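S.K.: Pasting the sequence and the predicted coordinates here, then a few questions.
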Amino acid sequence: MSRKFLNLILIIALSLTVALGQQPSSSTPSVDRIRQVITYLASDALEGRRTGTPGANDTAHYIAGEFNRVGLRPGMQVLRPARTRGENLSRYLQPFPYVAGVELGKNNLFFVNPGRADDMAQFMIGEDWMPLGFSTNSSIDGASAVFVGYGITDSTLKYDDYASEDAKGKVAVAFEGTPDGDSPHGQFARFEEVRFKAVAAREHGAKALLLIGREVNFKEDRLARLRYDNSGDAGLPVVVISRQAAVRLFGKHDLGELDNFQRTIGQMALAKVSPSASSSEIHLEFVAFTITVTLSVDVARRESPSFNVVGILPGSDPKLKEEAIVIGAHYDHLGRGGEGSLAPREGEIHHGADDNASGVAGLLELARMFSSQNPKPRRTIVFIAFSGEEEGLIGSNYYVNHPIVPLANTVAMINMDMIGRMKERNLIVGGVGTAQEWRSMIDADNSMQSMTVSLNTTRAEASASKTYPIVVGSNGQPVVTMDPRKPFALTLNEDGYGPSDHSSFYAKQVPVLFFWTGTHEDYHKPSDTADKINYEGEVRVVSFVANVIRDIDKSDKRPTYTVAKSESSGRTMGFRVYLGTIPNYADSNDGLKLDGVRDDSPASKAGLKAGDKIVKMAGREVKNVYDYTYALGEMKAGQEYEVEIVRGGERLTLKITPAARK
Ligand SMILES: [Zn+2]
């Protein structure tokens, strides 16, 4: 231990002795309570808390009850007093629109005229075909079909399944998956996402896209299960057909023949993109494909009540109470799997103990600690349990567009997501570049953790527990001891954007801090259970977060917002180009709204701004984030492209030059 460090600690310790000595016990987090909350939230009873499900809504009511119990005010203020407890609790709930499910409507029809005979074949829904949840509802009457291999278009690979056939006005037929056996590291990996195939089909003027399923048992095909990702409509009907139906469609004899056909198509595709191939020597020789398709798709998207839970602790300072600190944690998780799950199959409850029952337990502890603290925090504290996080930050996005305390008065947002799996002493703090004060505040609070103030420790106890006495009282007994094992091994990340709810706030120029204990092998799997939580570790995180919040509140001056250095997000899908846009992943159907634009990025140089809606980019229509990503994948660094936007009702065309991604 360096002498210099000890001196520094001594100074800090002396300045804090009094404050620490006065802390009442109710202002520290409790292992038992945290365990109780996580055990309940991660229990089978709440069925994995998927947004829009009864399990999630039961969780919301439970959190509302806890907010109420510790004396927080409901976030949704109305003039009339509540008449019942239920009515009172419902005022903690901030509803937001969310499509929880899709159902088949009444008008789903699929007829095929193979053209070989004059018999019209009907495909039965559920047996032979299914529409996809993001499919457009519409009807096609006797359009001819065109086979397009795997339905992939990728200009960087110089690969186009649509090259030899004109798909305009026709129904495109393609295999599900990718030619390289769906390897996540394969060249075609991004077309694993069926959304991109839909965009490619639409871009080529196809009237509909028919995908040939990959499972022999159609009901096991992932596309045959109707679901919706809350990312907008595809802009054309998209359906999956069974392999048996495909056999009939192509006039093959049996499944074996279809398998061989698919293998050949795949090999040709791979040969085309292999470095040794000269693209002219290989042509896809298509079977005569003379069928016509009559199709009607009818999918009903079912909106389901979904809620953020908001509780307010009014500030105690007559002036500073106008300012707010938001403390957040998302309570939704993945239900029984599906979208977002990393489990090999669907159906099991994803308990989400670390993700993010742990954060909610921290939130409830902080609510209890701060509301029982005397004096109360000077600034208003807004406690928010978000929903819709796993589906793309839908709840927090809704909140920042419908804030309860104006965002201009929101001085900081503190997010806890996955704080229950501390290993060693590792804690990751994101967003430290979003306010000038963050780094030094976090560092000072971390060093303070090594200190214990006690009037009763004996010198023998202090040395037995490997702590160092650093302040000794007049009786010769240690008053302040320091334990060098106690501070966290911090990993500080500058960026205010990241895969959780703080992103939504940073996009609105609110300084943010994001606490998490890192990922693990149970991440997004059913095995993320309550018994694996490091409860002592979590208590330490929550108490650290509490100290940081007290520090923010202690200063009369609000944290100074700064633009953080961006770090690669890990969600880049291997793109070679970079624009620096911050897309809004929620509610876009007629364009991609931008939440922000990174400073000094190609996007900011092009003149793009937060609030702009991109409707066309590099000659491609953009209706939602998938269209946007698709267009991005087609762009080259250093080349100038047009980007069409809608800003305040006006349509503008800007020029953008993507940079190479480092
Ligand atoms: Zn998650």
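M.R.: On my side now, so go ahead.
S.K.: In the stretch 1-150 of the chain, where is pLDDT below threshold?
M.R.: Across the stretch 1-150 of the chain, the ranges flagged by pLDDT under 70 are 1-25, 79, 115-119.
S.K.: Show me the strands in it, by range?
M.R.: 73-74, 93-96, 99-104, 109-113, 121-122, 129-131, 139-147 (DSSP state E, counting those that start in this stretch).
S.K.: which stretch among those comes nearest Ile349?
M.R.: strand 99-104 (17.0 Å; CB to CB). Backbone N, C-alpha and C define where each C-beta goes, glycine included.
S.K.: Now that closest one: buried residues?
M.R.: Val99, Ala100, Val102 (16 or more other CB atoms under 10 Å).
S.K.: mind putting those residues in JSON lines, distance to Gly433 included?
M.R.: Supplementary listing: those in JSON lines, determined by distance: CB to CB, whole Å:
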{"residue": "Val99", "distance to Gly433": "35"}
{"residue": "Ala100", "distance to Gly433": "36"}
{"residue": "Val102", "distance to Gly433": "40"}
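S.K.: Tell me how far the residue nearest to the spatial centre of the chain lies from Ala198.
M.R.: For the chain, the residue nearest the mean C-alpha position is Gly392 (3.8 Å; CA atoms, centre = their mean). Computed as CB to CB, to the nearest Å, the Gly392 to Ala198 distance reads 18 Å.
S.K.: okay, now Ser304: neighbour count?
M.R.: 16 (other CB atoms under 10 Å).
S.K.: To clarify, my last question referred to Met418.
M.R.: The burial count for Met418: 25, using other CB under 10 Å.
S.K.: got it, and Ser341?
M.R.: Going by other CB under 10 Å, the residues that sit close to Ser341 add up to 20.
S.K.: likewise Val247?
M.R.: 18.
S.K.: Can you check the pLDDT for it?
M.R.: In this prediction, Val247 carries a pLDDT score of 91.
S.K.: contacting residues around it?
M.R.: Val247 makes contacts with His253, Asp254, Leu255, Glu257, Leu258, as judged by CB atoms under 8 Å, 6 or more residues apart in numbering.
S.K.: next one: phi and psi at the second one?
M.R.: So that's Asp254. With angles defined as degrees, to the nearest 10, Asp254 sits at phi -160, psi -180.
S.K.: dump the residue contacts of it.
M.R.: Per CB under 8 Å, 6+ apart, neighbours of Asp254: Val247.
S.K.: Same check on the fourth one?
M.R.: By CB under 8 Å, 6+ apart, Glu257 lies in contact with Val247.
S.K.: Now do the helices in the stretch 51-200 of the chain.
M.R.: Assigned by DSSP state H, counting those that start in this stretch, the helices in the stretch 51-200 of the chain fall at 54-69, 85-90, 194-203.
S.K.: Rebuild the ones you listed as JSON lines, extending it with mean neighbour count.
M.R.: Output for the helices of the stretch 51-200 of the chain, formatted as JSON lines (neighbours: other CB atoms under 10 Å):
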{"stretch": "helix 54-69", "mean neighbour count": "21"}
{"stretch": "helix 85-90", "mean neighbour count": "14"}
{"stretch": "helix 194-203", "mean neighbour count": "25"}
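S.K.: wait, which of those is closest to Asn401?
M.R.: helix 54-69 (19.5 Å).
S.K.: what angle do the closest one and strand 99-104 make?
M.R.: 160 degrees (axes from the mean of the first three to the mean of the last three CA atoms, to 10 degrees).
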